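*Asks:* quick one: sequence plus predicted model below, questions after.
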Amino acid sequence: MTEAYIVGAVRSPVGRRNGGLARTHPADLGAHVLRELMDGSNADPSAVEDVIFGCVDTIGPQAGDIARTCWLAAGLPEEVPGVTIDRQCGSSQQALHFAAQAVLSGTNDLVVAGGVQNMSMIPISSAMLAGQALGHETPFGGSKGWVERYGTQEVSQFTGAERIAAQWDVSREEMERYAYESHRRALHAIDAGYFRREIVPCDGVATDEGPRRDTTIEKMAALKTLVEGGRLTAALASQISDGAAALLIASSRAVRDHGLTPRARVHHLSARGADPITMLDAPIPATVHALGMTGMSIDDFDTIEINEAFASVVLAWLKETGADPARVNPNGGAIALGHPLGATGAVLAVKLLHELERTGGRWGLQTMCEGGGQANVTIIERLDPPPPESP
């Protein structure tokens, strides 16, 4: 049985809403990381068997199978196909799963996984709202089966985040302390140069634009809540962002044939579902499932990346799993660094691998909440570099 190895992993900076990457066409943004990924590899680009990209709101410049468009815009071989997938915020983490599964099955030997999103250019929920001009108010309301099962209650990430805060008794003050720490960690990582190896500067942007040096807990406390009587504010949610990331997944045969260096082994891949109205708590059962399948403990992981869609999501997950907060999002998360929807899963995977390499850690876990009440879990094992060849 072959292994699925990560042999390359790069990302763009994550740009702020209307920031330095706002006018970069999504195809060019994705092409930028794809060129760097392939240029940094010994692999012949024509040997790549598929390009699997995540993207949400695939309309306008993100329509037309953006995975394929990115590859072609990068000037890479036309004979290589591409496919775009949508598991909402987990789209590019699922792209990684599909790529690794293709390799593990023996179907493919060399596959690119990644994602791209320009939220400045195509606002969040554009695809869901596009149907209104055709008489469809929401994606759910016209379904008899959906209404029979879930009624006409609002399907909203904000509702889900508030539900989680209430159910797990996560206070606003607790979330503000967490959000402040996310900015602090992100700024420390930027200042210390932790992200330099993984980021490919793009269109004059060389570093993540989201972290705020002037953020204080006092400023957060002065903000209005997102919903009347709620606990969450804009400071406690992920930022609207632009970005792209890509990883190269190889089989044992591809590693041998192309002279590649395995950097990590994909140890486990799974996804689980939960209540689509609460929506954002699925990382909890998904993590429990992954640990049960692998026989691992949460304490086995040197680094964990869980997407900071909202502070309540991570804090509830921490309470349930008992994970060491110091090992979770050690260089900040989406509250500070941003959340370019369809790209975030790949961005987190790139960050996870590089942090394990930087610190010498062995095991990494990644999870994130997703629309529809879903969550992916990826477990990777960092591999020691091979010894230098004898003269």
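*Replies:* In hand now; what should we look at? Values in this document were obtained by computation on a predicted structure and should not be read as measured data. Residues are numbered from 1 along each chain as shown.
*Asks:* measure Ala222 to Thr294 for me?
*Replies:* 44 Å (Cβ to Cβ, to the nearest Å). For the C-beta atoms, the positions are set from N, CA and C on the backbone; glycine is no exception.
*Asks:* where does pLDDT dip in the chain?
*Replies:* Where the chain drops to pLDDT under 70, the residues are 1, 386-391.
*Asks:* quick one: the strands in it?
*Replies:* For the chain, the strands defined by DSSP state E occupy 5-11, 15-16, 50-54, 82-85, 110-118, 241-250, 264-273, 303-306, 363-370, 374-382.
*Asks:* so which bits of the fourth one are buried?
*Replies:* This points to strand 82-85. Across strand 82-85, burial judged by 16 or more other Cβ atoms under 10 Å covers Gly82, Thr84, Ile85.
*Asks:* which one's more surrounded, Ala222 and Thr294?
*Replies:* Between Ala222 and Thr294, Thr294 has the larger neighbour count (other Cβ atoms under 10 Å), namely 16 against 9.
*Asks:* okay, stretch 78-88 in CSV with CA atoms only?
*Replies:* Extracted in CSV, the C-alpha atoms of stretch 78-88 (Å, rounded to 0.1, in the frame of the first residue of the first chain):
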residue,chain,number,x,y,z
GLU,A,78,-2.9,22.1,-20.9
GLU,A,79,-3.1,18.3,-20.7
VAL,A,80,-3.5,18.5,-16.9
PRO,A,81,-7.1,18.8,-15.8
GLY,A,82,-8.6,20.6,-12.8
VAL,A,83,-11.7,20.4,-10.7
THR,A,84,-13.3,22.8,-8.2
ILE,A,85,-15.1,21.6,-5.1
ASP,A,86,-17.3,23.3,-2.5
ARG,A,87,-17.5,22.0,1.1
GLN,A,88,-18.0,25.6,2.1
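*Asks:* residues making contact with it?
*Replies:* 45-46, 48-56, 58, 65-72, 91, 93-95, 98, 271, 341-342, 370-372, 374, 376 (Cβ atoms under 8 Å, 6 or more residues apart in numbering).
*Asks:* what's the offset of it from the middle of its chain?
*Replies:* When distances are taken as Cα atoms, centre = their mean, to the nearest Å, stretch 78-88 is centred 16 Å away from the chain's centroid.
*Asks:* returning to that earlier point: would a markdown table of the strands of the chain with distance to Glu181 be doable?
*Replies:* Below are the strands of the chain laid out as a markdown table (distance: least, Cβ to Cβ, whole Å):
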| stretch | distance to Glu181 |
| --- | --- |
| strand 5-11 | 22 |
| strand 15-16 | 20 |
| strand 50-54 | 28 |
| strand 82-85 | 33 |
| strand 110-118 | 25 |
| strand 241-250 | 19 |
| strand 264-273 | 27 |
| strand 303-306 | 14 |
| strand 363-370 | 19 |
| strand 374-382 | 23 |
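*Asks:* just the helices in this protein please.
*Replies:* Secondary structure of the chain (DSSP state H): helices at 26-39, 66-73, 91-104, 126-130, 144-150, 157-167, 172-192, 217-221, 252-258, 283-294, 311-321, 334-337, 344-359.
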